[in-house]
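# Need coordinates for the following:
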Amino acid sequence: MHRPVRLRTHEWFTVDDSTLNVALVYPMQGPAGMFGPTCETCARLAAEEINKAGGVLGRELRLIEVDGGAEPRRVAEDVEALVATGAVQGVTGWHISSVRQAMAPRIAHRVPYVYTALYEGGERTDGVYLTSETPARQLLPAMRLLNEARGVRRWFVVGNNYVWPRHTARAARRYARDSRGRVCGEAYLPLGADDFDDVLGRIERADADAVLMLLVGSDAVRFNRAFAAAGLDQRCLRLSTLMDENMLLGSGPEATVDLFSTAGFFASLADRNTMDFHGRYADRFGAAAPTPGSLGESCYEGVLLLAALIERARTLDVAAIGAAADTVSYEGPRGLIGLEGRHVRQRIYLAQADGLDFNVLAQLRAPHELS
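Sure, this is the predicted structure:
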């Protein structure tokens, strides 16, 4: 069966039973648009490798791109229309939590949805699977390590004004208290913020030891530059749970002194899985391709997990996929990955900026391993 489909965000494309179409939802505009290109290339590499190995249920996996940087309600409407018309049989990609919250209730009971962005935790919608880092496994051990190694007690939170930063900051208050510290100030800015004078003044007056950055994309880049220009990088460190190599490049080496990041993947990791991934990526896209940092690479993971879920269940039925999910595993750039409660189990690292790259300092201990 062949039928043409067109939505406002897409050119015409043909749907037929020989393909398995997946909506790839990633930012093409806004603060997160700066790493949209690496999301697209990493996802495309995964799809091409899956197809070379025989596809999914014998069908070619094809990515249908959707701009996840648009207003959340509009993104949700566009993806729901793709699902309702049968144009796509799955959804994945990196996009902010506001988009996920708008989309999940509309689509997750109809098609499997693999969300790849680090997020605030707590997603329980049936049919949603997460390759992403969460505060308990990412932020808690990082704050504890910096408390022990650098004596950080006083944290100042700077984030964008939406669900991920707000909920993560709530967790950070508990984590700081657990280390005999506290959050001494918080500031939330709209997406697209470019004036940080007031926030920088508040950080200085609070005499913070560290700033927890919960800013997206180019907002974090501009903050890094303003932070360094104000000389605050000489008096307190920064920790971000959303900072990849593309954002380092945008910030510049003079703006990333004493900047730490925590993630499940860094381009500088030198293990076999990571090096194999980089080799295939470079062979496919060349030296001028976008750097496949943790945010873009998560889309590679998302495509792999979606394919593994469907293959394991041997069906596109959402309930059957859910019943088999805990037995699903795959091997990718982050190593051998399995699921627990619809979240992947993965190693998470703390790294420090070193010019335009990250120096990975430690693998973080999971909460149940912390004394």
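# secondary structure element for Val99?
helix 97-107 (DSSP states H and E).
# CA-only coordinates of that helix in CSV, if you can.
The C-alpha coordinates for helix 97-107 follow below in CSV (Å, rounded to 0.1, in the frame of the first residue of the first chain):
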residue,chain,number,x,y,z
SER,A,97,10.9,18.3,28.7
SER,A,98,8.1,20.7,27.9
VAL,A,99,7.9,19.1,24.4
ARG,A,100,7.9,15.6,25.9
GLN,A,101,5.2,16.5,28.4
ALA,A,102,3.0,17.9,25.5
MET,A,103,3.7,14.9,23.3
ALA,A,104,3.6,11.8,25.5
PRO,A,105,-0.1,11.9,26.4
ARG,A,106,-1.0,12.2,22.7
ILE,A,107,1.1,9.4,21.2
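# So for it, what gets flagged as buried?
For helix 97-107, the neighbour count (16 or more other CB atoms under 10 Å) marks 97-104, 106-107 as buried. C-beta here means a position set from N, CA and C on the backbone, and glycine is covered the same way.
# Touching that helix from outside, list them.
Outside helix 97-107, the residues that touch it by CB atoms under 8 Å, 6 or more residues apart in numbering are 25, 68, 72-73, 75-76, 79-80, 83, 91, 113, 115, 117, 119-120, 123, 125, 127-128, 162-164.
# In ChimeraX, select just the buried ones from these.
Paste this into ChimeraX to select the buried members of the contacts of helix 97-107, with burial taken from 16+ other CB under 10 Å:
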select :25,68,72,75,76,79,80,83,91,113,115,117,119,120,123,125,127,128,162,163,164
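# Filter the contacts of helix 97-107 down to the ones in strands?
25, 91, 113, 115, 128 (DSSP state E).
# Name the residues linked to the first one by a beta bridge.
Spelled out, that is Val25. Note on Val25: beta-bridge partners by DSSP bridges are Val66.
# Kindly report the same for the second one.
Bridge pairing for Val91 (DSSP bridges) gives the partners Ala23, Tyr113.
# Just the C-alpha atoms of the helix ranked longest in the chain, please, in PDB.
Determined from DSSP state H, the single longest helix within the chain is helix 294-313. Output in PDB follows, covering the C-alpha atoms of helix 294-313 (Å, rounded to 0.1, in the frame of the first residue of the first chain):
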ATOM      1  CA  SER A 294      26.400  13.500  24.400                       C
ATOM      2  CA  LEU A 295      23.300  15.400  23.200                       C
ATOM      3  CA  GLY A 296      23.600  14.300  19.600                       C
ATOM      4  CA  GLU A 297      24.900  10.800  20.400                       C
ATOM      5  CA  SER A 298      21.800  10.300  22.500                       C
ATOM      6  CA  CYS A 299      19.800  10.300  19.300                       C
ATOM      7  CA  TYR A 300      21.900   7.400  18.000                       C
ATOM      8  CA  GLU A 301      21.000   5.600  21.300                       C
ATOM      9  CA  GLY A 302      17.400   6.400  20.800                       C
ATOM     10  CA  VAL A 303      17.200   4.900  17.300                       C
ATOM     11  CA  LEU A 304      19.000   1.700  18.500                       C
ATOM     12  CA  LEU A 305      16.700   1.300  21.500                       C
ATOM     13  CA  LEU A 306      13.600   1.800  19.500                       C
ATOM     14  CA  ALA A 307      14.700  -0.800  17.000                       C
ATOM     15  CA  ALA A 308      15.700  -3.200  19.800                       C
ATOM     16  CA  LEU A 309      12.300  -2.800  21.500                       C
ATOM     17  CA  ILE A 310      10.400  -3.600  18.300                       C
ATOM     18  CA  GLU A 311      12.600  -6.500  17.300                       C
ATOM     19  CA  ARG A 312      12.400  -8.100  20.800                       C
ATOM     20  CA  ALA A 313       8.600  -7.900  20.800                       C
END
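# mean confidence score for it?
The pLDDT scores in helix 294-313 average 97.
# and if you look at stretch 126-141?
The average pLDDT for stretch 126-141 rounds to 95.
# Going forward, count from 332.
Taking 332 as the first residue, the last one we looked at is stretch 457-472.
# What residues of that stretch count as buried?
Buried, per 16+ other CB under 10 Å, within stretch 457-472: 458-466, 468-472.
# Please apply the same query to stretch 374-387.
374-378, 380-382, 386-387.
# Just the residues contacting it, thanks.
Outside stretch 374-387, the residues within contact range by CB under 8 Å, 6+ apart are 351, 353, 355, 357, 391-394, 423-424, 611-612, 615-616, 630-635, 638, 641-642.
# now do 6 Å
Stretch 374-387 is contacted by residues 351, 355, 391-392, 394, 612, 615, 630-631, 634-635, 638, 641 when judged by CB atoms under 6 Å, 6 or more residues apart in numbering.
# ditto for stretch 565-575
Contacts of stretch 565-575 with the rest of the structure, by CB under 6 Å, 6+ apart, involve 449, 469-470, 539-544, 589-593, 624-626.
# Select from those every entry located in helices.
Among the contacts of stretch 565-575, the ones falling in helices (DSSP H) are 469-470, 625-626.
# Report the two of those separated the most.
Within these, Leu470 and Leu626 form the most distant pair, 16.5 Å apart (CB to CB).
# Next, name the residue at the spatial heart of the protein.
Central residue of the chain (CA atoms, centre = their mean): Ala448, 2.6 Å from the mean position.
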